[in-house]
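[1] Please find the sequence and the predicted model below.
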Amino acid sequence: MWTRGCPVCGSIDFSCGATTSTIGVDERIEEAPAMAELREYHVTVNGHNTIMNLSKTDAARLNGVPVESERDWQVSTEPPTKARTTRNKSNS
């Protein structure tokens, strides 16, 4: 007769620590390899131009052209100035 669960304690989840042939979900998860540094590249996929985050090897495989950094051309040495007029409430 086949019994479901632990033959020692009778629990379904083998909580007593008896050996089991089942593999837990956490044990089946494979550890992902470390990701390479990604940059934005202009690529053409199926005839459509798009910007993708790619590693250098993927960009070379897809003939990607690096996107110029927006921060490079937006950085200025002078802070932006705003023209503000003072308003005197007593002279209204």
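    Arrived safely. Numbering: from 1, shown residues only.
[2] only C-alpha atoms for contact and neighbour calcs from this point on.
    Noted.
[3] Find the helix or strand that residue 51 is a member of.
    strand 48-54 (DSSP states H and E).
[4] just checking, what packs against that strand?
    If you count contacts as 3 or more Cα pairs under 8 Å, 6 or more residues apart in numbering; DSSP states H and E, strand 48-54 packs onto strand 39-45.
[5] Only the buried residues of the strand it packs on, if you could.
    40-43 (16 or more other Cα atoms under 10 Å).
[6] Can I get those in JSON lines including pLDDT and distance to residue 63?
    Formatted as JSON lines, these follow (pLDDT from 0 to 100; distance: Cα to Cα, whole Å):
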{"residue": "40", "pLDDT": "92", "distance to residue 63": "13"}
{"residue": "41", "pLDDT": "93", "distance to residue 63": "9"}
{"residue": "42", "pLDDT": "92", "distance to residue 63": "9"}
{"residue": "43", "pLDDT": "92", "distance to residue 63": "7"}
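[7] What is the nearest of these to residue 85?
    residue 40 (42.5 Å; Cα to Cα).
[8] Might you report the residue contacts of the nearest residue to that closest one once chain neighbours are set aside?
    Closest residue to residue 40 in three dimensions, ignoring its sequence neighbours and counting by Cα to Cα, 6 or more residues apart in numbering: residue 53, at 4.5 Å. Residues in contact with residue 53 (Cα atoms under 8 Å, 6 or more residues apart in numbering) are 38-41.
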